[in-house]
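[1] have a look at this prediction, sequence included:
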Amino acid sequence: MSLEQNPWWRVNFMKLFKLILNTIPRPYLIKMSYWARPILATYLKGTKYTDPIDGKSFKKFLPYGYGIQRPNVLSPSTLSLERHRLMWLYLQNETNFFTTPLKVLHMAPEQCFLDLFKKQPNLDYTTADLYSPIVDVKADILNLPFQNNEFDVVFCNHVLEHIEDDNKAMHELYRVLKSGGWGIFQVPQDINLDHTYEDFSITSPEERAQHFGQYDHVRVYGKDYFNRLRHVGFQVKEVDFSTKLSDDMIDKYRLAKGEILPVCFK
């Protein structure tokens, strides 16, 4: 009997996968995903939705989220989310990232990008993080072990919301970026907030999840996030790449319409 024909397998597999996504520490999740992805990709193979990162199509994507889950957003093959696929399409269509020799620093690299970026012959690609088991360099974002003006491109996505002294982290990203270089620094952002909400007296995982949306976040960024980056010295373009895509394409790639990419220049 095939996986598709077996309802017991289907129900219990999805329950198990949701449990893994929401309770297992991320370093272990990264390791486990190497064997999980082929199973998921086979189980959900179809034609309705496509992951632009690897070009594979599925009848549906998986749910994802802490607390309230978003349905149909996690790619079964790359484990990419909406923000990853948006960034990939932007890099592919609006930049020279895949064609020009570039020295790249990728902080806390997303697994959906890691192998693909490493294989790009035009990139001198370095990954760094304090805890991740898959990086080249163990590094604290508050004290990066790199020279001034070393990298043409820096990526640092969904990291700053974990860092109390995010201003110092931003200064470090600015320091290691070459003059004329650029970077993308995505964060969870509530555009209904004029000002970032942070309260460092909130320390328990349960309270942080309640206030900031995730147990290990220390703030929720508001619309002032872009000005925080500008205050450090970056020139910031607030790029809504979804405006260049049709509604059908946004649905096919499972993107979040209106999501802003903070593209920063030095």
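    Cool, got the structure.
[2] was I right about Arg175 contacting Asn148?
    Yes: the pair Arg175 / Asn148 is scored as a contact, 5.5 Å apart, by Cβ atoms under 8 Å. The way it works is simple: take the backbone N, C-alpha and C, and place the C-beta from them, glycine included.
[3] looking at the two, which is more packed in?
    It is Arg175, of Arg175 and Asn148, that has more neighbours when counted by other Cβ atoms under 10 Å, with 16 against 10.
[4] who touches the helix or strand hosting that one?
    Per DSSP states H and E, Arg175 falls inside helix 166-176. Contacts of helix 166-176 with the rest of the structure, by Cβ atoms under 8 Å, 6 or more residues apart in numbering, involve 105, 107, 141-144, 146-151, 154, 156, 159-160, 163, 183, 185, 219, 228-229, 231-234, 266.
[5] after it, heading C-terminal, what element do we hit next?
    Next along from helix 166-176, by DSSP H and E: strand 177-184.
[6] follow-up on the earlier one: take the contacts of helix 166-176 and keep only those in strands.
    Those of those mapping onto strands are 105, 107, 151, 154, 156, 183, 219, per DSSP state E.
[7] out of these, who's nearest Thr42?
    Nearest to Thr42 among these: Met107, at 32.5 Å, using Cβ to Cβ.
[8] give me the neighbour count for the closest residue to the closest one other than its chain neighbours.
    Nearest in space to Met107, with sequence neighbours left out and distances taken as Cβ to Cβ, 6 or more residues apart in numbering, is Cys156 at 4.0 Å. A total of 24 residues lie near Cys156 under the criterion other Cβ under 10 Å.
[9] how near is Cys156 to Arg83?
    Per Cβ to Cβ, to the nearest Å, Cys156 is found 13 Å from Arg83.
[10] kindly report the same for His106.
    Plainly put, His106 is 15 Å away from Arg83 if you go by Cβ to Cβ.
[11] the more surrounded of the two?
    Per other Cβ under 10 Å, whichever of His106 and Arg83 has more neighbours is His106, with 25 against 20.
[12] what sits against the more buried one?
    113-114, 117, 125-128, 154-156.
[13] same check, this time on Phe200
    Applying Cβ under 8 Å, 6+ apart, we find Phe200 in contact with 164, 218.
[14] how about Met249, secondary structure?
    Following DSSP: H, G, I helix; E, B strand; the rest coil, the label given to Met249 is helix.
[15] which residue ranges of this structure form helices?
    Using DSSP state H, the helices of the chain run over residues 7-23, 26-43, 82-94, 111-119, 166-176, 205-212, 225-232, 247-252.
[16] by mean pLDDT, show me the worst of the ones you listed.
    Lowest mean pLDDT within the helices of the chain: helix 7-23, at a mean of 50.
[17] follow-up on the earlier one: next, the angle strand 177-184 makes with the helix holding Arg175.
    If you take axes from the mean of the first three to the mean of the last three Cα atoms, to 10 degrees, helix 166-176 sits at 120 degrees to strand 177-184.
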